[in-house]
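Chemist: Sharing a model that was predicted from the sequence below.
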Amino acid sequence: MLTSTFSHSSFIHLLFNMMAMLGFGTSATLYLAKQQQEDPSNLRESTTKWHFLSFFISAGLFSSLVSHVASARFKYPQLIARLANPTKSTASTASTVEGAAAVRSTSTLTGREALASIKPSLGASGAIYAAVTLTAMAFPEVHISLIFPPTPPIPIQYGVFGLMGMDVLGVIRGWRLFDHHAHLGGAMFGLWYYAYGPRVWESFREMTLGGLPPSLRKA
């Protein structure tokens, strides 16, 4: 699940994801820095790059987990059913050598079609969706223009809800061009991180560092 976040099916896939990450990753980093500075009791950070890296990896892992659970819970049972049923129905009529060959041909074709219906999940789209959702919640006044589908400038929250709606429709309709489950998992993680993430991050830092290091404490 970790390595798939950094793997991409093609250079174009990588290029589009990095273009999105350049814009929304910067905005998400600004929000994380702002939240860290608002509370004077927080342990100050010299840079937010480690916070954003943790956010990015966690979002990628969570979205990959959602995709994996969806495949194991829904897609694989459907695959097994598609592999089993046509063979049984055709085998009952196969009483000759030609009939047996037809059964094997039908089974092989059905198996290939079924396997093709479950594509491997690759790319950072889930983590990028988390950054997009976090940006939409943190800066609702921002306007964006989508490349796919092409749109004029629209409020970012409208764009995000529209993309999530397309992913929900993709899950319902069984579209296979994108990993819609991973997209929705990333969006859910972004919403959760907006509400609780900065406080969880600060709690882990305090547990790890134990407050200010001795060199920064006043005598």
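Modeler: Great, that's in hand.
Chemist: hey, where'd the helices end up in the chain?
Modeler: All helices of the chain, identified by DSSP state H, fall at 2-5, 11-38, 49-70, 76-91, 97-116, 125-138, 156-173, 180-209.
Chemist: Pull out the buried positions in the last one.
Modeler: Taking 16 or more other Cβ atoms under 10 Å as the neighbour-count basis, helix 180-209 is seen to contain the buried residues 180-194, 197-198, 201-202, 205. C-beta here means a position set from N, CA and C on the backbone, and glycine is covered the same way.
Chemist: again with the second one
Modeler: Of the residues in helix 11-38, 14, 16-17, 20-21, 24-25, 27-29, 31-33, 35-36 count as buried by neighbour count, 16+ other Cβ under 10 Å.
Chemist: How many neighbouring residues does residue 166 have?
Modeler: 16 (other Cβ atoms under 10 Å).
Chemist: mind checking pLDDT for it?
Modeler: Model confidence at residue 166, given as pLDDT, is 92.
Chemist: related to what we said a few turns ago, comparing the helices of the chain by mean pLDDT, which bottoms out?
Modeler: helix 97-116 (a mean of 49).
Chemist: Neighbours of residue 127, how many?
Modeler: By other Cβ under 10 Å, 29 other residues sit near residue 127.
Chemist: mind listing what it touches?
Modeler: Contacts here follow Cβ atoms under 8 Å, 6 or more residues apart in numbering; on that basis residue 127 touches 5, 56-57, 59-60, 63, 186.
Chemist: Run a quick neighbour tally on residue 161.
Modeler: Around residue 161 there are 14 other residues, counting by other Cβ under 10 Å.
Chemist: I'd like to know how many residues surround residue 67.
Modeler: Residues within reach of residue 67, counting by other Cβ under 10 Å, total 25.
Chemist: Which single one of the buried residues of helix 11-38 is nearest to residue 141?
Modeler: Of all the buried residues of helix 11-38, residue 141 sits closest to residue 27, with 12.0 Å by Cβ to Cβ.
Chemist: residue contacts, the closest one?
Modeler: Residue 27 neighbours (Cβ under 8 Å, 6+ apart): 131, 135, 138-139, 142.
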